[in-house]
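[1] Fold the stuff below for me.
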Amino acid sequence: MSTELEAILAELGTDEHRVMLVLARRLLAGQRAYGRLDVATDGRDWRREMADELADALVYLAIGEVAAMRNADGR
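    Numbering: from 1, shown residues only. You can find the predicted model right below:
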């Protein structure tokens, strides 16, 4: 691990560590599914990937809100 990352982690609190753990787990899941990340050779359009993922997240959020409203209304 880089000394810069270690230094930053040393300054973070418990909840910040939990956030970093969530991100690290996502990176590990991606590595297991697609192999190690190599930005220099990976030809994906990262801005397009980000836009698609954000759009998906917004759809899931809206669906969750509709489901919550239905549950609250008893419908």
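[2] May I have stretch 50-69 as CSV, with CA atoms only?
    Only the C-alpha atoms of stretch 50-69 are listed here, as CSV (Å, rounded to 0.1, in the frame of the first residue of the first chain):
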residue,chain,number,x,y,z
MET,A,50,-20.3,6.9,-15.1
ALA,A,51,-23.3,8.5,-16.8
ASP,A,52,-24.9,5.1,-17.4
GLU,A,53,-24.4,4.0,-13.8
LEU,A,54,-25.7,7.3,-12.4
ALA,A,55,-28.8,7.0,-14.6
ASP,A,56,-29.3,3.5,-13.3
ALA,A,57,-29.0,4.7,-9.8
LEU,A,58,-31.6,7.5,-10.4
VAL,A,59,-34.0,4.9,-11.8
TYR,A,60,-33.5,2.6,-8.8
LEU,A,61,-34.0,5.6,-6.5
ALA,A,62,-37.2,6.6,-8.2
ILE,A,63,-38.5,3.0,-8.2
GLY,A,64,-37.7,2.8,-4.5
GLU,A,65,-39.7,6.0,-3.8
VAL,A,66,-42.7,4.7,-5.8
ALA,A,67,-42.6,1.5,-3.8
ALA,A,68,-42.3,3.4,-0.5
MET,A,69,-45.3,5.6,-1.5
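[3] Low-confidence stretches in the protein?
    Residue ranges of the chain with pLDDT under 70: 1, 75.
[4] Domain-wise, how is it divided?
    As given by automatic domain parsing, the domain ranges for the chain are 1-43, 44-75.
[5] chain center to the helix or strand hosting residue 63: distance?
    Using DSSP states H and E, residue 63 sits within helix 46-73. In terms of CA atoms, centre = their mean, to the nearest Å, the centre of helix 46-73 is found 14 Å from the chain centre.
[6] And for stretch 23-34?
    Taking mean C-alpha positions (CA atoms, centre = their mean), stretch 23-34 and its chain are 10 Å apart.
[7] One more: stretch 5-24?
    Using CA atoms, centre = their mean, the offset of stretch 5-24 from its chain centre is 15 Å.
[8] Repeat that for stretch 39-53.
    Distance of stretch 39-53 from the chain centroid (CA atoms, centre = their mean) equals 14 Å.
[9] Thanks a lot, see you next time.
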